[in-house]
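> dropping a prediction and its sequence here:
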Amino acid sequence: MKKRTIRIMLLVAVVSLGFFSCKRSSSKNTSRATGWRIDGKDGGFEANTKYKDQETAPGLVFVEGGTFTMGKTQDDPMHDWNNTPNQQHVQSFYMDETEVTNLMYTEYLYWTKNVFSPEDPNYRNIYTGVLPDTLVWRNRLGFNETMTTNYLRHPGYAEYPVVGVNWIQAVQFCQWRTDRVNEAVLEREGYIAKGVKTDSTDATSTFSTEAYLTSPNETYGGKIDEYKGRIAEKSKRKSKKKSDDDAADGEEEEASNVYAKRTSGVILPEYRLPTEAEWEYAAKGLDGLREYNNVRGRKKYPWKGEFTRSGNRKRRGDQLANFKNGKGDYGGIAGWSDDGADITARVKSYPPNDFGLYDMAGNVAEWVADVYRPMVDDEASDFNYYRGNVYMKNKINQEGKAEIVKADDIKYDTISNGRIMARNLPGQLAQVPVDENETYLRVNFDKSDNRNYRDGDVASSRFYDLFNEDEDGGENSKKRMYNAPKHKVSSDSSGMVRQYDKSEERTTLIDDNVRVYKGGSWKDRAYWIDPAQRRAFPEYMATSYIGFRCAMSRVGSKAQGKKRPRK
């Protein structure tokens, strides 16, 4: 009996030891690779094991990715082969609930003017470069001066979509928004002190997300120590409690914890323009992606049904989007309007689609990120399709560190219409194209600029030798399929110098600087509000009917919350 009791006790001890061993090895703070702690408490490796899900950034809604038929399968009277149907898959992402409004853009203008004063000769072209072109409202035979002078800034139009913004300006707005949002997040989480985002409004001490992640000690023009938040103060208090022998270790802990890193999970991905595939996928909505006919590409509008008027009992007969109803009819009869607007309409004036996105048809057409080509090359890619990749890397200085743009290092571009725009801003990382160090022995890319990949090279056409050459046809010139005019615009002390390409051998207006825009606008007939329709416009030009909205990639799981894929 005594031996049996001893055996039972030994068995319980073994089971308990096994239980606690399993519990320890399965702890989130313990590495499953080595068994070492990974919470940084021992001064070792630190990982964010408590990360749950990406937060939804300001203004965005979640769009769960999936497969869909990209391209148009109906209403193609021109048979122009512009967007033939093809099956594509996009990852989950986030997209602006509405188009970027005048109020949102004037906030950007206020910040830019406040930080880079146009009265300072060093920064004059920064502010003028981001101003929308308000003259897009003018018409030779129409009276639209009220919109020219009021549309952008008058509070009556505050919640209307911004127009007159070219593609380059839209991209720069996304970059600015990324930095302002992440600056607010860092303040909220205690990595920087309260009020920093308003106090540090100086051209020499601006915040850049990528610069912060790469060289945090150089953020705010090297003044980051003045703006450290409660996390830094907490680290200081911890270090004071340590003995004199451990003081050095305490200082190391403080230095490693006062800055947020990519591994912290706090920094949000960048705001950007959506790709054409993302925009079209989001516009079609879940209703169109799940029904059998629509999975085959038969969906016509962002809402359910084949008509532009609502079949809902309460709103029966109401138009579901803001578009041109017919010749000379932009809004219907007074007192009984078809769509409630003649030009643009206030955002959220019409019901959202299944993803919760407003005005994915009508109101304004929208810039997307892609370079335009008549065909979508689904043979080369059917996952996150995007034409426009130009791969860059951080510029490394003589000290072996990433170079931060200084106030006297700003680079300007004179675009084709003569507007001068800043290529980079103080506080940002200096960028250069990738070179053979990154491309050597790779199979997925072999150069920096991939905008014309499989399009105009030897592999693209058996008539390659017949293509026109760039410039003057010298030894270093390259043949190209799309030989659009090459106008040269520069500026000197005498003013703007314009040299127009008057060659009679040009056969197209398509080049690597022509971008896709999607959706119909207040100025378009219903034909164009089909999400599959696509058009193109030079990236440096703006109109009264093209706006934009931002998107953001999702990191981590495909679905939000604890939803898991079915096996």
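Cool, the structure landed.
> tell me where the stretch 351-500 of the chain has strands.
365-371, 392-394, 412-414, 420-422, 431-433, 488-492, 495-499 (DSSP state E, counting those that start in this stretch).
> how many residues are close by the nearest residue to Gly40 once chain neighbours are set aside?
Of all residues beyond its chain neighbours, the one nearest Gly40 is Glu46 (3.0 Å), with distances taken as Cβ to Cβ, 6 or more residues apart in numbering. In this view, the C-beta of every residue, glycine as well, is placed from N, C-alpha and C. Residues within reach of Glu46, counting by other Cβ atoms under 10 Å, total 19.
> how about Lys348?
Residues near Lys348, counting by other Cβ under 10 Å, number 12.
> check what pLDDT it gets.
pLDDT for Lys348: 96.
> wait, it touches Thr101, no?
No - contact between Lys348 and Thr101 fails when scored by Cβ atoms under 8 Å: they sit 10.2 Å apart.
> need the overlap of contacts for these two.
Shared contacts of Lys348 and Thr101, defined by Cβ atoms under 8 Å, 6 or more residues apart in numbering, are found at Glu159.
> related to what we said a few turns ago, in TSV: the strands of the stretch 351-500 of the chain, plus distance to Ala211 and mean pLDDT.
What follows is those, written out as TSV (distance: least, Cβ to Cβ, whole Å; pLDDT from 0 to 100):
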stretch	distance to Ala211	mean pLDDT
strand 365-371	23	98
strand 392-394	10	96
strand 412-414	20	87
strand 420-422	16	90
strand 431-433	11	95
strand 488-492	29	74
strand 495-499	33	76
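> buried deepest among those strands, which one?
Per-residue neighbour counts averaged over each of these give the maximum for strand 365-371, namely a mean of 26 (mean count of other Cβ atoms under 10 Å).
> for the residue positioned nearest the centre of the chain, which non-adjacent residue is spatially closest?
Centroid-nearest residue in the chain, with Cα atoms, centre = their mean: Arg272, separated by 0.9 Å. The shortest distance from Arg272 to any non-neighbouring residue, by Cβ to Cβ, 6+ apart, is to Cys174 (5.1 Å).
> quick one: distance of the helix or strand where the one you found lies to the chain centre.
Secondary structure from DSSP states H and E places Cys174 in helix 167-189. Taking Cα atoms, centre = their mean, to the nearest Å, the mean C-alpha location of helix 167-189 is offset from the chain mean by 10 Å.
> what about the helices in this structure?
Defined through DSSP state H, the helices belonging to the chain, from first to last, are 2-25, 102-115, 124-130, 145-150, 167-189, 196-199, 209-214, 219-222, 230-241, 247-257, 276-290, 292-293, 436-439.
> among the ones you listed, where is the model least confident on average?
Mean pLDDT per stretch puts helix 292-293 lowest among the helices of the chain, at a mean of 42.
> OK, contacts around the residue nearest to the centre of the chain?
The neighbours of Arg272, taking Cβ under 8 Å, 6+ apart as the test, are Val171, Cys174, Ala369, Cys550, Ala551, Met552, Ser553.
> so what's it bridging to?
Here Arg272 sits in beta bridges with Ala551, as judged by DSSP bridges.
> in terms of pLDDT, where does it sit?
Looking at Arg272, its pLDDT reads 98.
> do you know how far it is from Ile420?
With the distance defined as Cβ to Cβ, to the nearest Å, Arg272 ends up 24 Å from Ile420.
> next one: Asp53
On the measure of Cβ to Cβ, Asp53 and Ile420 end up 43 Å apart.
> neighbours of Asp96, how many?
The number of residues packed near Asp96 is 25, by other Cβ under 10 Å.
> end-to-end on stretch 307-318?
The separation between the terminal residues of stretch 307-318, taken as Cα to Cα, to the nearest Å, is 11 Å.
> for that stretch, list every residue counted as buried.
Thr308, Ser310, Asp318 (16 or more other Cβ atoms under 10 Å).
> does the residue nearest to Gly40 have beta-bridge partners, and which?
As for beta bridges, Glu46 partners with Asp39 under DSSP bridges.
> that one against Thr263, yeah?
Yes - under the contact definition of Cβ under 8 Å, Glu46 touches Thr263, with a separation of 7.4 Å.
> for the residue nearest to Arg272, what are its contacts?
By Cβ under 8 Å, 6+ apart, the residues touching Cys174 are Glu270, Tyr271, Arg272, Leu273, Cys550.
> how far away is it from Lys304?
Using Cβ to Cβ, which is the criterion applied here, Cys174 is 31 Å from Lys304.
> how about Gly427?
Distance of Gly427 to Lys304, computed by Cβ to Cβ: 47 Å.
> now Ile546: closest residue in space that isn't a chain neighbour?
With sequence-adjacent residues excluded and distances taken as Cβ to Cβ, 6+ apart, Ile546 is closest to Ala365, at 5.0 Å.
> ok, that neighbour to Phe173 distance?
17 Å.
> before we move on, what about Gly66?
Applying Cβ to Cβ to Gly66 and Phe173 gives a distance of 29 Å.
> re the thing from before, ok, so of the contacts of Arg272, who is nearest Asp339?
For the contacts of Arg272, the closest approach to Asp339 (Cβ to Cβ) belongs to Cys550, at 25.5 Å.
> leaving out chain neighbours, which residue sits closest to that closest one?
Beyond its immediate neighbours in the sequence, the residue positioned closest to Cys550 (Cβ to Cβ, 6+ apart) is Tyr271, lying 4.4 Å away.
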